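A.B. asks: quick check, what structure comes out for this input:
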Amino acid sequence: MPHSRKSAPSQRMLRVGELVRHALATFFMRDEVEDPALAGVTVTIPEVRVSADLRHASVFVMPLGGAHAGEVAEALNRHQRFIRGAISGELDLKFIPELKFEVDESFAEADRIEALLKSERVARDLEPDHDEKSE
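C.D. replies: Just a heads-up that it's a prediction; the model follows:
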């Protein structure tokens, strides 16, 4: 029976994602991309998600400190073909996935949730109700 929902990534997808992530991390340490938006920027790669056919990879990036994240992702996408070619020698894969660089929003989302949990309105809702204790 086919599932209409997206299934969890397979072990193969996860393994290829990690291989690509490590190859990209090594590549970025060499600082080979010449682009003003990337000058002096340290790029972190929290996650790489690979499609089921292993032909496409979403590379989630965040510059250290988070400044100009959109510009950094755009610059990386401009140089996607060069980067893909540069890491292909490090990957023992039949096909090297097409890379799409995206800003990693998970840190901002975590900060937003933490701020929400610390807000006065939520804190008030989390306090024990004294009337319920006395019953």
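A.B. asks: distance of the spatially most central residue of the chain from E105?
C.D. replies: Relative to the mean C-alpha position of the chain, the nearest C-alpha, by CA atoms, centre = their mean, is the one of F60, at 2.6 Å. Plainly put, F60 is 8 Å away from E105 if you go by CB to CB, to the nearest Å. All C-beta atoms are positioned from the backbone trio N, CA, C, and that covers glycine.
A.B. asks: not counting sequence-adjacent ones, nearest residue to the residue nearest to the centre of the chain?
C.D. replies: Computed as CB to CB, 6 or more residues apart in numbering, the closest residue to F60 that is not its neighbour in sequence is D104, at 3.9 Å.
A.B. asks: the one you found: neighbour count?
C.D. replies: One way to gauge burial is a neighbour count; for D104, by other CB atoms under 10 Å, it gives 19.
A.B. asks: give me the pLDDT for it.
C.D. replies: At D104, the predicted lDDT confidence score is 90.
A.B. asks: cool, and E47?
C.D. replies: pLDDT for E47: 94.
A.B. asks: tell me the contacts of it?
C.D. replies: E47 sits next to G17, R21, F60, D104, S106 when contact means CB atoms under 8 Å, 6 or more residues apart in numbering.
A.B. asks: take those residues and keep only those in helices.
C.D. replies: G17, R21, S106 (DSSP state H).
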